[in-house]
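Colleague: What follows is a predicted protein model with its sequence.
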Amino acid sequence: MATQWQTFPIEFKGGLISNLTQLQQGTGAVGSATILQNFEVNREGGYSKLKGFEKFSNTTVPGSGPVLGLKAISPSKVFAARRNASNFTQWYYSTGTTWTSMATSVATNGDKVRHTTVNLDGNEKTIFVDSGNYPGVMNNSANTVTYMTASNSSDIVGATHVAFFANAAFYSKGNTLYFTAPLTIDDFSAANGAGVINVAQEITGLAVFREQLIIFTASTVKRLTGSSAADFDVSSITDRIGCINGDTIQEVGGDIMYLSPDGIRLLSATDRIGDFGLDIASDPISKDATKFLASTSNYCSILFKEKAQYRVFAYIESEQKQAAKGLIATKFVAQGASGISWSTTAGIKAHIADSIYSGRQEVSVFANEDGYVYDLDIGSSFDGDPIEAIYESPYMSISDPQIRKTFYKLTIYAEPSGNMDLSLNTKFDFGSATNRSVIQPPTQQVSSTGEFVSIFGASNAVFGERDPSDPTIVNTSWADYDAQKTYGSFGGELDSKYNLNLVGSGKTIAMRIADNSTNPTFTLDAVLLEYAQNDRQ
């Protein structure tokens with residue numbers, strides 16, 4: 001009697017999970033990952049290989065040590081700060097070529113810069129603080145930087161965080177908030193409406209959220225409401241847990257995400273007026289989050305609004321860039337932690353990062369101690385280095401985990417955007433090396449096919465036609481346009497279905513799909529396993 005084959009579909013969804021056992025995950029979260037490195041969970045379905053990064057300018061920001069300040073002004077202009085030879089923080093701007101000096105700090109003890117953007121007089125300005133100097137103001141269009149002085153207030157020297165709320169600028173220093181007179185950023189006169197608020201613990205971050213100023217300390221979260229000094233009121237959201245690093249605070253899809261002592265948390269408004277939810281968003285990746293928290297105390301984060309995506313990076317100056325780690329959270333629902341899928345990054349070494357919307361374009365930049373500023377989420381390499389993207393599934397029992405199955409075929413459904421060359425490994429029965437009755441299959445290659453395909457705008461793309469007599473020759477001369485037309489059309493079709501034969505049997509199966517190349521991004525959609533179920537032994 002012919003063996004009856006069965007089909008087991010696997011839809012790539014759920015993202016990285018590390019708080020379940022292998023069998024629990026392989027049974028209840030099919031399509032999720034035990035490793036999901038340099039992939040992002042696509043909101044349209046599947047797992048997409050990350051895009052890379054490229055240098056914004058081929059020259060470094062002058063100075064030494066890590067870049068301390070970074071502000072994206074537009075796709076073609078960036079402000080950056082770094083320590084100069086005299087150990088002062090010096091500001092520069094660039095339009096993609098060299099870096100031009102704008103100003104130098106008045107003290108030598110400035111550290112990482114935090115900033116907020118305001119527009120009170122028709123000129124967009126950025127207020128910044130650096131934990132050592134007086135706050136400063138950048139005129140984004142005039143390319144100028146000025147520092148406040150004692151004539152404003154000596155109290156704000158060494159301010160660590162800044163926010164603009166209720167038409168006033170708020171500066172934090174220690175456990176104190178200093179706020180300016182209405183519609184100003186540098187008037188600290190009490191007679192004009194400025195004031196001081198003590199929150200009893202050192203402030204670790206500020207965020208404006210739904211007509212409230214959220215004030216974070218390491219162990220508390222408070223909110224300030226009101227419209228002026230006459231009615232400002234501070235109340236507690238929680239006195240149990242706070243934020244350990246203000247550089248991780250971002251508003252993502254209607255929630256605030258931040259790094260707390262027990263992982264990455266969400267501050268979410270609930271249906272009850274004035275109430276908040278404080279979910280631990282990183283619970284599904286608790287093992288990865290614990291390692292991430294233990295790795296360093298230096299972090300930065302960035303927001304991709306179009307993707308409803310939050311990325312946070314751990315920074316260790318002495319670490320090789322290939323070892324630099326990060327976490328990616330992609331939101332699928334308006335609020336709450338239940339709709340978040342996770343993945344990780346490896347190879348993006350970021351000490352400081354910034355992102356803005358400029359027109360209809362999202363701009364994201366980061367920098368570290370090498371002095372270059374990088375455009376993020378662009379291209380297909382990490383500044384020329386290959387991107388190592390890895391997906392590894394849990395061990396799946398498919399049906400009964402005690403019944404052996406014989407596997408015959410595996411079909412991958414993917415959406416390549418250019419050349420694709422993947423390595424596929426399948427493993428049976430938890431990869432046991434002691435069970436000699438189980439033979440682990442060899443690595444198989446999965447390659448996209450399609451003739452003469454080019455990605456428009458890619459750095460290695462050449463517009464022209466290939467000579468049919470010698471495909472290595474590309475005719476780019478418009479003078480030979482008639483001949484080009486006979487050669488064929490620009491572009492081609494790429495396969496989206498890849499069939500592979502499997503040899504082997506086992507009670508559980510896992511797969512690992514890896515790409516370590518500078519090939520363009522692709523999306524893994526689904527996998528079909530074809531197998532026959534054996535008798536119970």
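Modeller: Here it is on my side, so go on.
Colleague: Show me the helices in the stretch 1-150 of the chain, by range?
Modeller: Taking DSSP state H, counting those that start in this stretch as the criterion, the stretch 1-150 of the chain contains helices spanning 22-28.
Colleague: Same question for the chain.
Modeller: 22-28, 286-295, 481-487 (DSSP state H).
Colleague: May I see the ones you listed arranged in CSV, with mean neighbour count as well?
Modeller: Backbone N, C-alpha and C define where each C-beta goes, glycine included. Output for the helices of the chain, formatted as CSV (neighbours: other CB atoms under 10 Å):
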stretch, mean neighbour count
helix 22-28, 17
helix 286-295, 17
helix 481-487, 12
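Colleague: and Thr220, which of those helices is closest to it?
Modeller: Of all the helices of the chain, helix 286-295 sits nearest to Thr220, with 19.0 Å by CB to CB.
Colleague: Nearest to Lys405, out of the helices of the chain?
Modeller: Among the helices of the chain, the nearest to Lys405 by CB to CB is helix 22-28 (13.2 Å).
Colleague: what bridges to the nearest residue to Val118 once chain neighbours are set aside?
Modeller: The spatially closest residue to Val118, leaving aside those adjacent along the chain, is Phe164, at 4.9 Å (CB to CB, 6 or more residues apart in numbering). According to DSSP bridges, the residues that bridge with Phe164 are Ala169.
Colleague: residue contacts, Phe164?
Modeller: Contacts of Phe164 were listed using CB atoms under 8 Å, 6 or more residues apart in numbering, and they are 116-118, 127, 170, 185, 208.
Colleague: Please pick the buried ones from those residues.
Modeller: Buried members of those, counted by 16 or more other CB atoms under 10 Å: 116, 118, 127, 170, 185, 208.
Colleague: With respect to Leu278, which of these is nearest?
Modeller: Val208 (18.2 Å).
Colleague: The closest one is in contact with Ala163, isn't it?
Modeller: Yes. The pair Val208 / Ala163 is scored as a contact, 5.6 Å apart, by CB atoms under 8 Å.
Colleague: what residue lies at the spatial centre of the chain?
Modeller: With distances taken as CA atoms, centre = their mean, Arg311 lies nearest the centre of the chain, 2.7 Å away.
Colleague: got the end-to-end distance for stretch 43-52?
Modeller: 19 Å (CA to CA, to the nearest Å).
Colleague: Also stretch 367-377?
Modeller: This stretch, stretch 367-377, spans 14 Å end to end (CA to CA).
Colleague: for the record, mean pLDDT for that stretch?
Modeller: For stretch 367-377, mean pLDDT is 97.
Colleague: Return the distance of that stretch from the chain's centre.
Modeller: 14 Å (CA atoms, centre = their mean, to the nearest Å).
Colleague: buried set for that stretch?
Modeller: Here stretch 367-377 shows 367-369, 371-377 as buried, counting by 16+ other CB under 10 Å.
Colleague: got it, and stretch 82-101?
Modeller: Here stretch 82-101 shows 82-84, 88-94, 99 as buried, counting by 16+ other CB under 10 Å.
Colleague: Which of those fall within strands?
Modeller: Of the positions in the buried residues of stretch 82-101, 82-83, 89-94 sit in strands, assigned by DSSP state E.
Colleague: which one of these sits closest to Leu177?
Modeller: Thr89 (23.7 Å).
Colleague: follow-up on the earlier one: out of the contacts of Phe164, list just those in strands.
Modeller: Of those, the ones assigned to strands by DSSP E are 116-118, 127, 170, 208.
Colleague: farthest pair in the residues you listed?
Modeller: In the ones in strands among the contacts of Phe164, the most distant members under the criterion CB to CB are Thr117 and Phe170, with 14.2 Å between them.
Colleague: ok so, going back, you'd agree the residue nearest to the centre of the chain is up against Ile328?
Modeller: Yes. With contacts counted by CB under 8 Å, Arg311 reaches Ile328, the gap being 5.1 Å.
Colleague: Need the residues touching each of the two.
Modeller: Joint contacts of Arg311 and Ile328 (CB under 8 Å, 6+ apart) are Thr345.
Colleague: for the buried residues of stretch 82-101, which one is nearest Lys507?
Modeller: Lys507 lies nearest to Arg82 out of the buried residues of stretch 82-101, by CB to CB, at 57.3 Å.
Colleague: On the strand side of things, show who the closest one bridges to.
Modeller: Under the criterion used (DSSP bridges), Arg82 bridges to Gln90.
Colleague: ok, it - contacts?
Modeller: Arg82 neighbours (CB under 8 Å, 6+ apart): 61-69, 89-90, 92, 371.
Colleague: Now distance to Tyr134 too, for the residues you listed, in JSON lines please.
Modeller: Formatted as JSON lines, the contacts of Arg82 follow (distance: CB to CB, whole Å):
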{"residue": "Val61", "distance to Tyr134": "22"}
{"residue": "Pro62", "distance to Tyr134": "22"}
{"residue": "Gly63", "distance to Tyr134": "20"}
{"residue": "Ser64", "distance to Tyr134": "23"}
{"residue": "Gly65", "distance to Tyr134": "21"}
{"residue": "Pro66", "distance to Tyr134": "22"}
{"residue": "Val67", "distance to Tyr134": "21"}
{"residue": "Leu68", "distance to Tyr134": "15"}
{"residue": "Gly69", "distance to Tyr134": "14"}
{"residue": "Thr89", "distance to Tyr134": "12"}
{"residue": "Gln90", "distance to Tyr134": "15"}
{"residue": "Tyr92", "distance to Tyr134": "19"}
{"residue": "Gly371", "distance to Tyr134": "25"}
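Colleague: Just name the closest of those to Asn42, please.
Modeller: Distances from Asn42 to those, taken by CB to CB, are shortest for Val67, at 30.9 Å.
Colleague: From Val312, how far off is that closest one?
Modeller: Per CB to CB, to the nearest Å, Val67 is found 18 Å from Val312.
Colleague: how about Asn58, phi and psi?
Modeller: As for Asn58, its main-chain torsions (degrees, to the nearest 10) stand at phi -80, psi 0.
Colleague: pLDDT score for it?
Modeller: pLDDT, Asn58: 97.
Colleague: just to revisit the earlier point, out of the buried residues of stretch 367-377, which sit inside strands?
Modeller: Among the buried residues of stretch 367-377, the members falling in strands (DSSP E) are 367, 373-376.
Colleague: Can you redo those residues as TSV, where the extra columns are distance to Ser393?
Modeller: Formatted as TSV, those follow (distance: CB to CB, whole Å):
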residue	distance to Ser393
Ala367	35
Val373	37
Tyr374	32
Asp375	33
Leu376	28
